[in-house]
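Peer 1: have a look; sequence and predicted model below, questions after that.
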Amino acid sequence: MVGISSKELEELKSNGWLILEDEKKIKKEFKFKDFKQSIDFLKDIQPSADALDHHPDVCVYYNKVIVELTTHDVGGLTDLDYKLAIKIDELYKMKTSNL
Ligand SMILES: C[C@H](O)[C@H](O)[C@H]1CNC2=NC(N)=NC(=O)C2=N1
């Protein structure tokens, strides 16, 4: 695990991730059409999170899922947050491109 680079942070920012708490956390809201889609998205994330051994903090609403990423072990952002964020964006694109 290594710290996140400023290039990675910029990329996440341009993908719509908010950088919070003095660059210790990132957050993004994903929109869906109903609760089932929201839950299915969460289920899509689970294998990637387990594979990276890195897990998001998630808030599920009826038609939106708010994802927060930070590396609790170091109290800040690392490459694991970057990798999982990119993966989650990919999963969202796949999910919403065939609606
Ligand atoms: C032991 C295990 O590797 C750690 O507890 C992992 C699990 N998943 C994790 N997820 C996140 N987001 N941050 C962590 O620090 C973290 N640590």
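Peer 2: That came through, no problem.
Peer 1: what residue ranges in this structure score low on pLDDT?
Peer 2: In the predicted model of the chain, residues 98-99 satisfy pLDDT under 70.
Peer 1: what residue lies at the spatial centre of it?
Peer 2: Centroid-nearest residue in the chain: A85, 4.0 Å away (criterion: C-alpha atoms, centre = their mean).
Peer 1: wait, does the helix or strand harbouring K36 make contact with the ligand?
Peer 2: In the assignment (DSSP states H and E), K36 maps to helix 35-52. No: applying C-beta under 6 Å from any ligand atom, one finds helix 35-52 separated from the ligand by no less than 7.6 Å. No exception for glycine: its C-beta is placed from N, CA and C like everyone else's.
Peer 1: ok so, going back, the residue nearest to the centre of the chain against T71, yeah?
Peer 2: No: using C-beta atoms under 8 Å as the test, A85 is too far from T71 to be in contact (11.9 Å).
Peer 1: run through the residues that contact the residue nearest to the centre of the chain.
Peer 2: L12, N15, W17, I26, K28, L69 (C-beta atoms under 8 Å, 6 or more residues apart in numbering).
Peer 1: list the buried ones in the host helix or strand of it?
Peer 2: Using DSSP H and E, the element containing A85 is helix 79-97. Using 16 or more other C-beta atoms under 10 Å as the test for burial, helix 79-97 gives D79, L80, D81, Y82, K83, L84, A85, K87, I88, D89, L91, Y92.
Peer 1: OK, contacts around the third one?
Peer 2: Going back to what we said before, that points to D81. Neighbouring residues of D81 by C-beta under 8 Å, 6+ apart: I4, I26, H54, L69, T70, T71.
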